[in-house]
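In: Take this sequence and fold it.
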Amino acid sequence: MPQINFGISLSNYIYIMNHIKQSVIYFLFLLLCACAKAPKTPSTCEFTQNSADYFTIISNDDSPHRAFNVFCKKVIIFGVVIYATDDVSDIDLLHAANVMAQYLDNNEDGIADNPLILDKMVESQAAMVLFGTDNSKDMRALFNSGRKLEDQYKLQDLYGIEIHPNWNYDSPFDATFEEVLHLITHSGYAAAYPDVFGEFKGSSIADAMDLARGGQFDDIPSSYPNNAWYTYDDRTCEYGCQVTEYLYWALTSLLGAQDYPGRYDEIGHEWKANTPTLLQSMDPTVFAILTDSVYQLPMVLPDGTYMR
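Out: Predicted structure coming up:
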């Protein structure tokens, strides 16, 4: 049979076929994600209680939205819910609950230090959503089970593989400190004090961030000025996200979470003011904001043992 000449070189033919292959794989991936749906009724699982813990794990049998049916258990902290799937250990779930409680009630007197922050979190239906891993079917199902889910709820994810309840100023770092704080600052402080903690240009915290970065950059620059001490490099993080990350670095540094041997080597490419002393000397603007008693920000780093 004679060969048909389409006027395409072998190299171009291979290039086109590779792109077709990649497109098919991407289509199948999207199809897989689209098929992941939350169950029509809440998931169930067994869990145990820790009699020494202040909080109690309960079944997630009254989901506010079908999407939350992927979770089988939860803990409620001052009206804010932390949901978890079956592959998240009870220890990890309770650890996240204790850290949140200590951030909100830093003096542990049973009352939120700043009720306005808590009101804003509850008002926006803020919640932590815990999964075992970051590529789980349950995670895909959560965000494929309802339109505009993220407009109705303020959700912050956290994964069991990055939770370390026994963290003691060493590696690996306990991501609970970061992700729980993100939810509190994003849904609480940014809403309660938008002029100060708003995640947009012109707020006090955003202005402080731009000083720390050596300029106001809408997108991550190809390189930061040499005198910058906040040099976040995740290009998927837009301006508001960069503000959130900056506030996390600053506050946890003030609380001493980033001050231990080897930590600067891990984070120095992104954040240099990693101790309370360095923060005060390098970034006096944000230091003044964080230590202003008006806002009742936590001044003691959580240790996961609320009211114990």
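In: can we go C-alpha only for contacts and neighbour counts from here?
Out: OK.
In: Kindly state the domain boundaries assigned to this structure.
Out: 58-185, 195-290 (automatic domain parsing).
In: Out of those domains, flag the one nearest Met307.
Out: domain 58-185 (6.0 Å; CA to CA).
In: Can I get the domains of the chain in a markdown table including distance to Met307 and mean neighbour count?
Out: Formatted as a markdown table, the domains of the chain follow (distance: least, CA to CA, whole Å; neighbours: other CA atoms under 10 Å):
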| stretch | distance to Met307 | mean neighbour count |
| --- | --- | --- |
| domain 58-185 | 6 | 19 |
| domain 195-290 | 19 | 18 |
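In: Would you tell me which of these gets closest to Gly304?
Out: Short answer: domain 58-185, nearest of these by CA to CA, at 4.8 Å.
In: circling back to that earlier point, mind putting the domains of the chain into TSV with mean pLDDT?
Out: Putting the domains of the chain into TSV (pLDDT from 0 to 100) gives the following:
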stretch	mean pLDDT
domain 58-185	95
domain 195-290	97
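In: quick one, which of the ones you listed is nearest to Arg308?
Out: That would be domain 58-185 among the domains of the chain, by CA to CA, at 9.3 Å.
In: Span of the closest one from start to end?
Out: End-to-end distance for domain 58-185, by CA to CA, to the nearest Å: 26 Å.
In: quick one: the strands in the stretch 151-300 of the chain?
Out: 154-159 (DSSP state E, counting those that start in this stretch).
In: Revised request: answer the last question for the stretch 1-150 of the chain.
Out: 58-59, 73-77, 80-84, 126-131.
In: residues in contact with the third one?
Out: It refers to strand 80-84. Outside strand 80-84, the residues that touch it by CA atoms under 8 Å, 6 or more residues apart in numbering are 60, 71-76, 93, 96-97, 121-122, 125-131.
In: before we move on, the earlier item: is it possible to export the strands of the stretch 1-150 of the chain to JSON lines including distance to Tyr159?
Out: Shown next, in JSON lines, are the strands of the stretch 1-150 of the chain (distance: least, CA to CA, whole Å):
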{"stretch": "strand 58-59", "distance to Tyr159": "19"}
{"stretch": "strand 73-77", "distance to Tyr159": "14"}
{"stretch": "strand 80-84", "distance to Tyr159": "9"}
{"stretch": "strand 126-131", "distance to Tyr159": "5"}
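In: Looking at the ones you listed, spot the one closest to Asp283.
Out: Closest among the strands of the stretch 1-150 of the chain, using CA to CA: strand 126-131, at 30.0 Å.
In: Dump that closest one to CSV, restricted to CA.
Out: Provided in CSV are the C-alpha atoms of strand 126-131 (Å, rounded to 0.1, in the frame of the first residue of the first chain):
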residue,chain,number,x,y,z
ALA,A,126,-15.0,29.1,58.6
ALA,A,127,-13.9,25.5,59.0
MET,A,128,-10.8,23.3,58.9
VAL,A,129,-11.0,20.3,56.6
LEU,A,130,-8.6,17.5,57.4
PHE,A,131,-7.6,14.7,55.0
